[in-house]
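# this is the structure alone, sequence omitted:
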């Protein structure tokens, strides 16, 4: 039976997340316990308001992110955060019975590796060694594929990403077209897999991610006064005509334009911050906040894969936030800018 796909008028803020799956009773209980150990917003604000990087790192001494020498060696900071990310990804793989879902999330790194390889190949820069090891395919295979130009060694969705990105790039040799093309293939692949898995939750998650990507794209095109128009991703809840229209109206009109969508506050707040500060910090904060809000709706599930996926993604976001704060403190960024970025 096909998964029913809601229109944007079928829900107020967040789409449905599906039913309980009693196979995951023990795993869901474990995740609920782990959620209680996550950093609180108050702890993150304390880090952001700290006087220095060392002082910010000091707030982590009783957590899993405890840093030797109060974070004086930033290479050690990166190493600890990398270890925590590897640990949460391994935990996710261990807790999920549906290994195809684990494979699906690993494709994020496959697509990231494709972007990196395409950028280096098309701009004639040597291939490096800083590919992710967390995808479904080892970095060595990417190097072999691109050095030999034998793309048939990769699965169909990655071949499609390469083909479309190369074609888009050579139209005017615009490096940004690589990202647009790969994003398009990745979004289509995610939706296809969510439908095959008959997962209402994953389908909603991926459609929200498409919408948030399109909102970011709309405001970036608007801010740079770009003439590009056919770069929005299809498959989200927002109709593409509304996004196209958003490029033609003033910042002050974007809120009313998106009033009938769940993203009114995201767009209005992000646009106002952009117009006032010439910065996308406010937009990124509101996009993250909206997505985290959706993930938190899994609290209504007693047992199932939804809370496990949500915890995994929220934990990844926590790791990124810790890195963001410590990096900002290390580079002496203004505290208010850090606070504006925290979701």
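Yep, that arrived. Treat the numbers as computed from the prediction; the structure is a model and nothing was measured.

# what residue ranges in the stretch 201-343 of the chain are flagged as low confidence?
Counting by pLDDT under 70, the stretch 201-343 of the chain contains low-confidence residues at 343.

# mind running it again at 90?
In the prediction, the stretch 201-343 of the chain carries residues with pLDDT under 90 at positions 226-230, 343.

# tell me how many other residues crowd the nearest residue to residue 238 once chain neighbours are set aside.
With C-beta to C-beta, 6 or more residues apart in numbering as the criterion, residue 238 has its nearest non-adjacent residue at 5.1 Å, and that residue is residue 211. Where C-beta positions appear, they are placed from N, C-alpha and C, glycine not excepted. In terms of burial, residue 211 registers 24 neighbours under the definition other C-beta atoms under 10 Å.

# surely residue 211 touches residue 234?
No: at 11.1 Å, residue 211 and residue 234 do not qualify as touching, with contact defined as C-beta atoms under 8 Å.

# now the residue most central in space within the chain: which helix or strand?
By C-alpha atoms, centre = their mean, the chain has its centre lying nearest to residue 209, at 7.4 Å. Taking DSSP states H and E as the definition, residue 209 sits inside helix 200-223.

# buried residues in that helix?
When neighbours are counted by 16 or more other C-beta atoms under 10 Å, the buried residues of helix 200-223 are found to be 200-223.

# what do you get for stretch 262-277?
Going through stretch 262-277 with 16+ other C-beta under 10 Å, the ones that come out buried are 262-264, 266-275.

# same check on stretch 82-92?
Along stretch 82-92, the positions that meet the burial threshold by neighbour count (16+ other C-beta under 10 Å) are 84, 85, 88, 89, 91, 92.

# looking at it now, give me its mean pLDDT.
Stretch 82-92 comes out with an average pLDDT of 96.

# now do stretch 17-32
For stretch 17-32, the mean pLDDT works out to 97.

# any idea how far it is from the chain center?
Distance of stretch 17-32 from its chain centroid, counting by C-alpha atoms, centre = their mean, to the nearest Å, is 23 Å.

# likewise for stretch 300-320?
Stretch 300-320 has its average C-alpha position 13 Å from the chain's average C-alpha position, going by C-alpha atoms, centre = their mean.
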